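Asks: sharing a model prediction with you, sequence too.
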Amino acid sequence: PLFQAEDGIRDEASCLVGSEMCIRDRVMALPLAILLAAPAIAQETAQCAPLPPLAATTAESDSAQQQLFCAIDFNGGSVALCPKTWSTSPAALVYDLEGTPWEGRAGAFEKEVCARGGSARDEASRELAFFKNTLNGRKTSGTFAPASLLYYHFSRLLETRLQVPVAVPVSFPAAEYRRRVVAPGLEYSDHKSTRMLHEGWLELDRAMAAPEQYSHQRELFVDGGNRLWGVLLLAEGRRYGPEVNGTRASGWGEGQNRDFQRTAPFIALRTDAPLADAVAQGIEASRQDDGIAQAMPADISHSQVAWWMHEITELVLLDYILGQQDRIGNVDYLWRWAWQEQGELRTSAAAPPAGGAQKLRVTVLNDNDAGVRSGYANYARSTGMLEGWRHMDAGLYQRLQRLAADFRQSGPVASAVRANYRLSSREAQHIVERGLEAAAYLRKRCQAGLLRFDLGVSDVLNPGTAHSAKTSCEPGQSVAGSLLPESG
């Protein structure tokens with residue numbers, strides 16, 4: 001079934017807006033009434049301005065999506081805000097009503113339709129975004145809005161093949177948001193089945209009633225407590241089963257994170273053998289678990305598992321550096337056609353006219369807001385997900401090493417992490433320290449000859465002919481076009 005259990009995730013025959021994987025796919029179009037030309041706007045209800053990128057350049061599709069988010073007219077009468085009525089953490093769904101019977105009647109839509117929960121989108125013309133703020137109460141689930149921004153920017157910096165949605169910071173007048181979203185959210189979630197969600201709305205309501213007395217005021221509010229701060233995102237995808245998310249049989253926390261490491265791509269990643277053999281051994285070993293054996297297709301291609309191997313290296317590095325505590329069970333995918341054209345990776349939701357493309361499940365990290373914050377568990381680190389790798393992409397390795405070089409020198413990336421994401425000095429420092437730690441560990445494996453650099457695009461698409469690329473173990477060498485500058 002389509003996954004829609006969290007934050008408006010959708011699955012369509014289109015690529016995730018703004019991802020590096022989708023530069024050649026589409027950019028979502030909005031009605032002219034909703035679009036504005038400026039990349040940053042200030043409205044009576046919303047103030048939005050994209051953060052400077054960590055990468056040297058921004059993809060056109062990313063810039064376009066950022067502008068679309070910041071151009072949403074929350075006062076125009078044809079944009080509705082509905083409180084989330086499912087899962088565990090408060091959020092607001094943003095709907096476009098243009099071209100529907102509700103056009104110009106956002107207030108009526110919010111009163112009459114929002115109570116239906118996720119099905120409210122069926123009466124809107126489209127979902128424009130969802131808004132997520134930080135919230136960390138004693139009885140609530142943990143969410144930290146800056147993490148969504150950091151995952152977006154770090155994924156572009158490391159040029160990941162896996163997809164992470166565009167995120168922009170936005171703030172709403174607290175009193176208006178409380179009236180329009182929080183009050184109905186409290187009403188709609190007051191059921192036994194949504195107890196944790198209701199606790200979240202209660203916590204947010206208490207915070208907005210007296211921001212100056214709220215213990216986490218810095219995380220939730222700007223402008224002296226007058227505005228609620230968070231992020232706008234738009235995501236889509238289906239949820240992986242045990243073939244990638246793992247069986248989760250060992251329960252939440254470290255147990256399910258170790259289950260994740262018993263999947264075929266993770267086992268293959270730690271297998272000291274040529275890529276095709278490592279994939280075959282990973283598939284065979286993982287199928288010893290009945291749950292994985294049932295979830296993984298009998299005819300799973302070696303290219304698919306090799307593709308997942310590379311994506312797992314990206315996922316683990318992001319989660320390790322950014323301190324993610326809630327990854328397992330929150331890994332999604334989209335079907336995409338993938339092929340090479342003049343040595344470059346191409347992807348498309350539709351089959352290309354020329355032959356040679358392979359249909360693969362491409363990983364999407366939609367749910368990233370349980371990271372970065374001090375006090376969150378870092379399960380990628382505590383369960384040793386970085387340990388024992390035998391395969392890696394040379395380009396990803398070099399980009400990581402150059403990121404570490406920037407961190408060591410307190411360069412522009414480190415400075416941006418400290419200044420731009422509303423982090424405490426401790427939170428920012430932990431990102432720097434974990435980045436250095438991850439790079440140092442993999443550099444030692446490279447120097448010991450324990451890494452095969454055989455997860456390049458041509459390798460994963462053709463594991464039988466994969467070869468280990470030659471690359472320097474030292475930072476900043478043998479990588480053309482990296483986004484980080486060479487150290488002087």
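Replies: Cool, the structure landed.
Asks: which residues touch Arg373?
Replies: Thr134, Asn136, Gly142, Phe144, Ala147, Gly323, Glu427 (C-beta atoms under 8 Å, 6 or more residues apart in numbering). In this view, the C-beta of every residue, glycine as well, is placed from N, C-alpha and C.
Asks: the fourth one reaches Gly375, doesn't it?
Replies: No - when contacts are counted by C-beta atoms under 8 Å, Phe144 is not listed as touching Gly375 (9.7 Å).
Asks: these two - which one has more neighbours?
Replies: Phe144 (27 against 10; other C-beta atoms under 10 Å).
Asks: chain neighbours aside, what residue packs nearest to that one?
Replies: Distances taken as C-beta to C-beta, 6 or more residues apart in numbering place Arg373 nearest to Phe144, at 4.1 Å, with adjacent residues excluded.
Asks: residues near Gly464, how many?
Replies: 13.
Asks: could you measure from it over to Ala278?
Replies: Separation of Gly464 from Ala278 (C-beta to C-beta, to the nearest Å): 12 Å.
Asks: kindly report the same for Ala293.
Replies: Applying C-beta to C-beta, the value for Ala293 to Ala278 is 19 Å.
Asks: residue ranges with poor pLDDT in the stretch 1-150 of the chain?
Replies: 1-44 (pLDDT under 70).
Asks: swap the cut-off to 90 and go again
Replies: 1-45, 75-76, 118 (pLDDT under 90).
Asks: roughly how far does the residue nearest to Phe144 sit from Leu423?
Replies: 9 Å.
Asks: next one: Tyr188
Replies: 32 Å.
Asks: and what of Gly230?
Replies: Separation of Gly230 from Leu423 (C-beta to C-beta): 15 Å.
Asks: equivalent analysis for Gln163, please.
Replies: 24 Å.
Asks: neighbour count winner among these two?
Replies: Neighbour comparison, Gln163 and Leu423: the larger count goes to Gln163, with 28 against 22 (by other C-beta under 10 Å).
Asks: can you give me the pLDDT of the more buried one?
Replies: Note for Gln163: predicted pLDDT of 97.
Asks: where along this structure do the strands fall?
Replies: 41-42, 47-48, 79-83, 92-96, 126-133, 167-173, 221-222, 227-233, 238-239, 332-341, 344-348, 358-364 (DSSP state E).
Asks: what does the third one rub up against?
Replies: Think strand 79-83. Contact with strand 79-83 is made by 34, 72-74, 90-97, 102, 106, 109-110, 113-114, 120, 124, 128, 131, 180-182, 184-185, 188-189, 201, as judged by C-beta under 8 Å, 6+ apart.
Asks: again, but for the longest one
Replies: For strand 332-341, the external contacting residues (C-beta under 8 Å, 6+ apart) are 3, 9, 11, 15-16, 21, 163, 235-240, 244, 307, 345-352, 354, 356-366, 457-458, 461.
Asks: hmm, 7 Å instead?
Replies: If you take C-beta atoms under 7 Å, 6 or more residues apart in numbering as the criterion, strand 332-341 is touched by 3, 9, 16, 236-240, 345-349, 351-352, 356-364, 366, 457-458, 461.
Asks: show me what contacts Cys114?
Replies: Shown in contact with Cys114 (C-beta under 7 Å, 6+ apart): Cys82, Pro83, Ala120, Pro184.
Asks: any low-confidence regions in the stretch 351-488 of the chain?
Replies: Low-confidence segments of the stretch 351-488 of the chain (pLDDT under 90): 353-356, 475-488.
Asks: tell me where it has helices.
Replies: 379-382, 394-408, 412-420, 425-447, 457-461 (DSSP state H, counting those that start in this stretch).
Asks: what's the burial count for the residue nearest to Tyr240 when sequence neighbours are not counted?
Replies: For Tyr240, ignoring the flanking residues on the chain, the nearest one in space by C-beta to C-beta, 6+ apart is Val331 at 5.1 Å. Val331 has 23 neighbouring residues, counting by other C-beta under 10 Å.
Asks: pLDDT at Val331, what is it?
Replies: 98.
Asks: residues in contact with it?
Replies: Per C-beta under 7 Å, 6+ apart, neighbours of Val331: Tyr240, Val244, Asn245, Thr363, Leu365.
Asks: what is the nearest of those to Ala59?
Replies: Set against Ala59, the nearest of the contacts of Val331 by C-beta to C-beta is Leu365 (17.0 Å).
Asks: in this structure the closest one contacts Leu162, no?
Replies: Yes - using C-beta atoms under 7 Å, Leu365 is in contact with Leu162, at 6.2 Å.
Asks: between the two, what contacts are shared?
Replies: Leu315.
Asks: then stretch 267-286 to PDB, C-alphas only?
Replies: Only the C-alpha atoms of stretch 267-286 are listed here, as PDB (Å, rounded to 0.1, in the frame of the first residue of the first chain):
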ATOM      1  CA  ILE A 267      26.300  -7.800   4.800                       C
ATOM      2  CA  ALA A 268      27.700  -7.300   1.200                       C
ATOM      3  CA  LEU A 269      29.200  -4.000   2.300                       C
ATOM      4  CA  ARG A 270      31.300  -5.800   4.900                       C
ATOM      5  CA  THR A 271      32.200  -8.800   2.700                       C
ATOM      6  CA  ASP A 272      35.800  -8.900   1.500                       C
ATOM      7  CA  ALA A 273      35.300 -10.100  -2.100                       C
ATOM      8  CA  PRO A 274      34.900  -8.600  -5.500                       C
ATOM      9  CA  LEU A 275      31.600  -6.700  -5.800                       C
ATOM     10  CA  ALA A 276      29.600  -9.400  -7.600                       C
ATOM     11  CA  ASP A 277      30.700 -12.000  -5.100                       C
ATOM     12  CA  ALA A 278      30.000  -9.800  -2.100                       C
ATOM     13  CA  VAL A 279      26.500  -9.100  -3.400                       C
ATOM     14  CA  ALA A 280      25.800 -12.800  -3.900                       C
ATOM     15  CA  GLN A 281      27.100 -13.600  -0.400                       C
ATOM     16  CA  GLY A 282      25.000 -10.800   1.100                       C
ATOM     17  CA  ILE A 283      21.800 -12.000  -0.600                       C
ATOM     18  CA  GLU A 284      22.400 -15.600   0.500                       C
ATOM     19  CA  ALA A 285      23.300 -14.700   4.100                       C
ATOM     20  CA  SER A 286      20.400 -12.300   4.600                       C
END
